[in-house]
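Novice: Using only what follows, build the 3D model:
(chains A, B, C and D)
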2 protein chains.
Amino acid sequence: MDETAPDVENEQCDDLLDTIRRGRPAAGQDPVKRSQIIDGARRVFIDKGFEAASMNDITREAGVSKGTIYVYFANKEELFEALIEEERGTIFKNMYDVLDHADDLRKTLVKFGKVLAFKITSAKVIQAQRTVIGACDRLPELGARFFERGPKRGHDKLMVFLNAAIERGMLRIDDVDLAAYQFTDLCLAGLFRQCIFAYRTKAPSQEEVDHIVSSGVSVFLKAYGTESLAAEESHQMIALEAKR
Amino acid sequence: MDETAPDVENEQCDDLLDTIRRGRPAAGQDPVKRSQIIDGARRVFIDKGFEAASMNDITREAGVSKGTIYVYFANKEELFEALIEEERGTIFKNMYDVLDHADDLRKTLVKFGKVLAFKITSAKVIQAQRTVIGACDRLPELGARFFERGPKRGHDKLMVFLNAAIERGMLRIDDVDLAAYQFTDLCLAGLFRQCIFAYRTKAPSQEEVDHIVSSGVSVFLKAYGTESLAAEESHQMIALEAKR
DNA sequence: GAGCAATCGAACCGCTTGGTTCGAATTATT
DNA sequence: AATAATTCGAACCAAGCGGTTCGATTGCTC
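Specialist: Below you'll find the model as predicted:
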C-alpha cells in the first residue's frame, strides 16, 4: 500500500466525528443524498449499460449536480460498483428464507423453486444481470464478486438444506454441491438463458413458472428421493384421499 | 419500401456481374477483405464490448482503412451484427451432429451433453455471449435472433431426438419441450451462470464436465427412462460382466 | 504500359464523453 | 443575524467518438 496516501478509514472517522459534533453530515456523507444519486444511477445504468450511460444522464436523472456526484463517488466505475453492490443485496435478500421453515420436503422445494425462478427472471433482475454481465469483461472482479455474494451464497444455503434432508433420510445424494446446481437449473429450465438473451417483453407467467418448477422438483426427487420419502408421500396421498 | 431508393439486390447482382466480367471483386464485395475486417472487429468487439469498441480500434486491428470498412458495412451496428451472425454460425455448427448417429441412448446423451457443455463454456464462446448479452438492451432483436438461430435451433433438434427415443419406448415424457430444456440445463448445471459472471481464467476441466454431464444424464434418465430402457441397460451390464 | 477502380490514409465534422473548477446559492447550527 | 460549509449549476477541458470526404496510391486487366 502507498504509505504517503491518506488513510481512508481515518478520514471517514473524522468525517463521522464532524457529523456528530456539528449535527450535519460531512461532505459526501449524507446517506439521503447518496441514495438519491444511486437511484438515478440505477435507472440510467440499467437501461443503457455501463459504457453507454453517461454521467450527465445520471446527473439529470438523479437531480443532483455533477460536482456533488463527484464528492460522493470518485468516478464512474466506483459509482457503478456501489450500485451493483446494493442491487445484489436487494435481489438476493430473503430469497432463501423459504428454506428455513421447512415442512413437507416437496412443498418446500417447490415453494423455493418458484421464488427463485420468479426473482431471477423478473424484468428488473434480468436487466441488472445483463448490465453486470456486459461490464464484467471490463471489471472482472465485479462479476466474480456479484456471483460469489449472490447466487453462490444462496447455493450454499441450498446445500445446507439438502444435507439436512439427507440426514433425515429423505434424500440420497452423492455430490450435494452438484445436486444443488442441478436443482437450481431444473427450476430455471431454459428460462435464464432465454430471458438473458431475449427477454420476451413480459416476465414468464405464473402458470409457466409453476409448471416448470413442479416438473423440475419431480425430476429431482425421482433421481434423489429415497424410499422413505416415497413412503411418506404415498402416506400423505392416502390421507388426502381418505379425507375426500 | 422507398421507391426512390436503389434496389439493393439488383445492385449486388450488378456487382457480381462486374466481378465475373472483370475478374475482380466490386467495391465492398471482396470476401477476403470482408473477412479481414470481421476478424479485426471480432478481436475488438469481443474484448471491449459493443459500446467501448471504437471503429478506429477496428481499423487498426484489421489493418484496413476506415474508408474501406464503411464501403463494406454501413455503420458500427451493421458490422457488429454481421460479426455476431458469423460467430453464431461457427459456434453452433455441427454441435448437434452427435444426435444423428444414435446408438446406445445413454451414451449418445452423454456424448451430446459433453459437446454442449464444452462449447458453451469455452473461453471464446463465453466472451462472445457476454458481448451479445451486453449489447442486447441496445439491440434487442440481435439477442432474440442469436437465441432463435443458435440455442433454440439446437433445442429443436434435441426435441426431435427425444421424440424418436419416446417412439422407441425408451423414454416416457409428458412435456418434451420442457424436458429438452431440463436436459440441457442438467448438462450445464451451474456452469453457464458461473462462467458468464465469473469466468475462472481457464475453462472447466475435462473431468469436471464429464462428472457433471454423466450425473446429469443419470438424473434425466431416472426421471424419464422407461422399464425397457432399464431392461436394455441391465442386459448390456450382464453382457459386459460376462465378458469379464 | 495505359487505364481504371478499389483501397488507402489523413484530415475533418459536429458532438459527446468523463472529469474538473469555482463562484453563487442554500442550509443548518450557533 | 452571523457563520460555516455543502450543494448547485454552468462553464470548461482535452480527448475520443462515429461517420464522411477526397486526393493519392496501389494493383489488376486489357
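
Novice: Low-confidence ranges, chain A, go.
Specialist: A:1-29, A:102, A:200-201, A:244 (pLDDT under 70).

Novice: State which helix of it is the longest.
Specialist: When chain A is parsed with DSSP state H, its longest helix is helix A:31-52.

Novice: quick one, what contacts the residue positioned nearest the centre of chain A?
Specialist: Centrality entry for chain A: nearest residue to the mean C-alpha point is A:Phe92, 3.2 Å, by Cα atoms, centre = their mean. Contact analysis of A:Phe92 by Cβ atoms under 8 Å, 6 or more residues apart in numbering or on different chains lists A:149-151, A:153-154. In short, each C-beta sits where N, CA and C put it, glycine included.

Novice: can you check A:Gln127 too?
Specialist: A:46-47, A:199, B:137.

Novice: Give me the spatial nearest neighbour of A:Leu186, chain neighbours excluded.
Specialist: A:Gly216 (3.5 Å; Cβ to Cβ, 6 or more residues apart in numbering or on different chains).

Novice: Which helix or which strand is home to that neighbour?
Specialist: helix A:206-224 (DSSP states H and E).

Novice: which residues sit against stretch A:101-120?
Specialist: Applying Cβ under 8 Å, 6+ apart, the contact partners of stretch A:101-120 are A:91, A:95-96, A:98-99, A:125-126, A:129, A:154, A:158, A:161, A:164-165, A:170-171, A:183-184, A:186-188, A:191-192, A:203-204, A:209-210, A:212-214, A:216-217, A:220-221, A:229, A:233, A:236.

Novice: C-terminal to the helix holding A:Gly216, which secondary structure element comes first?
Specialist: Sequence order places helix A:227-243 as the next helix or strand after helix A:206-224, per DSSP H and E.

Novice: So the residue in chain A positioned nearest to chain B, which state does it fall into?
Specialist: Residue nearest to chain B within chain A: A:Gly134 (2.4 Å; Cβ to the nearest Cβ). With DSSP: H, G, I helix; E, B strand; the rest coil as the basis, A:Gly134 sits in helix.

Novice: can you check A:Gln194 too?
Specialist: helix.

Novice: Contact partners for A:Asp177?
Specialist: By Cβ under 8 Å, 6+ apart, A:Asp177 lies in contact with A:Met159.

Novice: That one sits in which helix or strand?
Specialist: A:Asp177 belongs to helix A:176-188, assigned by DSSP H and E.

Novice: thinking again about what came up before, touching, the residue nearest to A:Leu186 and A:Gly190? I think so.
Specialist: No: using Cβ atoms under 8 Å as the test, A:Gly216 is too far from A:Gly190 to be in contact (10.7 Å).

Novice: between those two, who's got more neighbours?
Specialist: Neighbours around A:Gly216 and A:Gly190, counted as other Cβ atoms under 10 Å in any protein chain shown, are more numerous at A:Gly216. The numbers are 28 against 20.

Novice: can you pull the contacts of the residue nearest to A:Ser65 when sequence neighbours are not counted?
Specialist: Spatial nearest neighbour of A:Ser65, excluding adjacent residues (Cβ to Cβ, 6+ apart): A:Thr59 at 6.7 Å. A:Thr59 makes contact with A:40, A:65-66, A:69, according to Cβ under 8 Å, 6+ apart.
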